[in-house]
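**Q** Sequence plus the predicted model coming up.
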Amino acid sequence: MDLQPNEQQRMIVQTVRRFIREEIIPLERELDPDAFELPPEHEERLTRKVREMGLYGLDVPAEFGGPGLDTVTLALVFEELSQHRAGLYAPAYGVFGTVGLAQLYRGTEEQRQKYLYPMLRGEKRGFFALTEPSGGSDPARAIQTRAVRDGDDWVITGSKIFISGADRADFGLVYARTDPTRGRQGITCFIVETNMPGFAIRRIVHTLRSAEYATEITLDGVRVPPENVLGEEGQGLDIANEVLTRNRITYSAASLGVAVAAQRMAIDYAQKRETFGAPLSTRQAIQWMLIDNEIEIRSARWLILQAADKADRSASARDYRFETAIAKAFATEAAFRVVDRAIQIHGGYGVSKDLPLERWFRELRIRRIGEGPTEVQRLIIARQLFSGGYNGSLV
Amino acid sequence: MLRKPWQPFEPAGLKAIPATLGVYEIGDAGGRTLYIGYAGGRSLFGLRGEIARHFGPDNPNPVTRGQAACFRYEVTLSYLSRWYELLTLYYEANYRLPEGNVAAGDIPPRLGRFHISPATGRWQP
């Protein structure tokens, strides 16, 4: 058991940290406080630089041309990547490449050629459409979008909501019910191209994210060929969950990164700001806020790393769902509290757009819902606790 | 589009425009949209400052300079996503972007389902 990062991990983390501090943050100072993309010339320049560093496509496995980082290293990297104003939802403004739709790794070679590889090269964009107006946390029951066979093809009818990037995408993964009698085994994943007749962006859904938005899409008799079924018929949710579970680790790590950045700002400000003749840092009320922040940050980090380590040792997402649920629930809730306290310490400046804290606060509020809300993570934890043979020790 | 009536610009009425975050449109005398913009976190005096800029003597935008006659606005914290939405809606209705946006280069790198050429404001497949 080794609780220290190895040399390679240190080197990668330090490289990413330097990149964020020297390349992203100075550039970010010139952008609108809610910006989520770089001007094209900077995006191209920085993407080229990341490629030269060998870190493009961070989350892409080595066999698909990525650096093939293990999940622990990835968690450490995401903690660094998010430490700037747009870092939660646009870490490094995307110049480290897209995480992409990892479900496509399980596609046929033809599907990979047509969708996965162009996406990894940045030539095509994809979206992920699971959530519907009827719900997102319990897709096995909530999905009402239907796919019905017509000859060899499938015809999809329904709608999806809170879908990011659909209006800019070339294709997407759409989950539809193919057998209403089989519950979760009746959901199938389809690759739907956005220029297929019947596909439409119904509206933009504005959220707390302000700059980035979600969309509502409609599928009105969209005809999809059989070769666009991803995986086996009825296995849609298995494919989704495998990736969603792993994504929650980096999602948690990015939330933690923002908490670390907020804590750094709060400590710095507390030492400089004087009230009634003494720095804030000498006030016990402020010290305790910073102490609570530190306890939560360190707790979150170890929970995330434990989940990541378990993921690296597991064959299936089912094996580390429990640890991931604990990490996601705790890290996102803790990060929200940390940023809230940091805002309190900064006073009026904390809620102004002069500082990144107000953006982090808004976006962390969404983090507590996105990728499975805290309550669903608790449901997963409870299921495991009551599954029999509870062993609360590490060994 | 913004579902609000156009207001003629009167320098004396400038203070009635809120200095908040939001989106706005600048129109010509015939009510044709010349420019769609936003007042963001770095805008001095928010909507008031941004709108006034198009009617001032130092207006650098060659389209709104001289042609701008009226405006309308919407106060919103989601100014960037609303701006994207307004530009997308305008494009869908007109198959081009407002001339003032094209002239100033005030166009997002990627707009909705469309890819806009900064030079022409038209869709490029």
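**A** Arrived safely.

**Q** buried stuff in the one helix or strand in chain B whose mean pLDDT sits lowest?
**A** Across the helices and strands of chain B, the lowest-confidence element by mean pLDDT, DSSP states H and E is helix B:79-94, at a mean of 89. Using 16 or more other C-beta atoms under 10 Å in any protein chain shown as the test for burial, helix B:79-94 gives B:Tyr79, B:Leu80, B:Ser81, B:Arg82, B:Trp83, B:Tyr84, B:Glu85, B:Leu86, B:Leu87, B:Thr88, B:Tyr90, B:Tyr91. (C-beta placed from N, C-alpha, C; glycine too.)

**Q** which two in those residues are spaced the farthest apart?
**A** The largest distance within those, taken as C-beta to C-beta, falls between B:Tyr79 and B:Tyr91 and amounts to 18.5 Å.

**Q** Setting the sequence-adjacent residues aside, check what's closest to A:Trp148.
**A** Rather than Trp, residue A:148 is Val. A:Val155 (5.3 Å; C-beta to C-beta, 6 or more residues apart in numbering or on different chains).

**Q** Is that neighbour within a helix or a strand, and which one?
**A** strand A:153-164 (DSSP states H and E).

**Q** The buried residues of helix B:79-94 also near chain A: which ones?
**A** Among the buried residues of helix B:79-94, the residues lying close to chain A (C-beta under 8 Å from any C-beta of the partner chain) are B:Tyr79, B:Leu80, B:Ser81, B:Arg82, B:Tyr84, B:Glu85, B:Thr88.

**Q** Any chance of a markdown table for these, columns distance to A:Glu28?
**A** As requested, these are exported to a markdown table (distance: C-beta to C-beta, whole Å):
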| residue | distance to A:Glu28 |
| --- | --- |
| B:Tyr79 | 18 |
| B:Leu80 | 15 |
| B:Ser81 | 19 |
| B:Arg82 | 22 |
| B:Tyr84 | 19 |
| B:Glu85 | 24 |
| B:Thr88 | 25 |
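
**Q** returning to what we had before: okay, now the sheet partners of the strand holding A:Val155, with direction.
**A** Paired with strand A:153-164 in the same sheet, following DSSP bridges, are strand A:146-150 (antiparallel), strand A:214-224 (antiparallel).

**Q** tally of neighbours for the closest residue to chain B within the stretch 251-395 of chain A?
**A** Nearest to chain B in the stretch 251-395 of chain A, going by C-beta to the nearest C-beta, is A:Lys353, at a distance of 3.6 Å. Applying other C-beta atoms under 10 Å in any protein chain shown, we find 16 residues neighbouring A:Lys353.

**Q** what is the mean pLDDT for the strand holding A:Val155?
**A** For strand A:153-164, mean pLDDT rounds to 95.

**Q** can you check stretch B:21-41 too?
**A** 96.

**Q** Equivalent analysis for stretch A:104-122, please.
**A** Mean pLDDT, computed over stretch A:104-122, is 92.

**Q** ok, now how distant is the residue nearest the centre of chain B from chain A?
**A** With distances taken as C-alpha atoms, centre = their mean, B:Ile36 lies nearest the centre of chain B, 1.9 Å away. Note on B:Ile36: its distance to chain A, by C-beta to the nearest C-beta, to the nearest Å, is 15 Å.

**Q** ok, the buried residues of helix B:79-94 vs A:Phe19, which is closest?
**A** Distance to A:Phe19 across those (C-beta to C-beta) is lowest for B:Leu80, with 24.9 Å.
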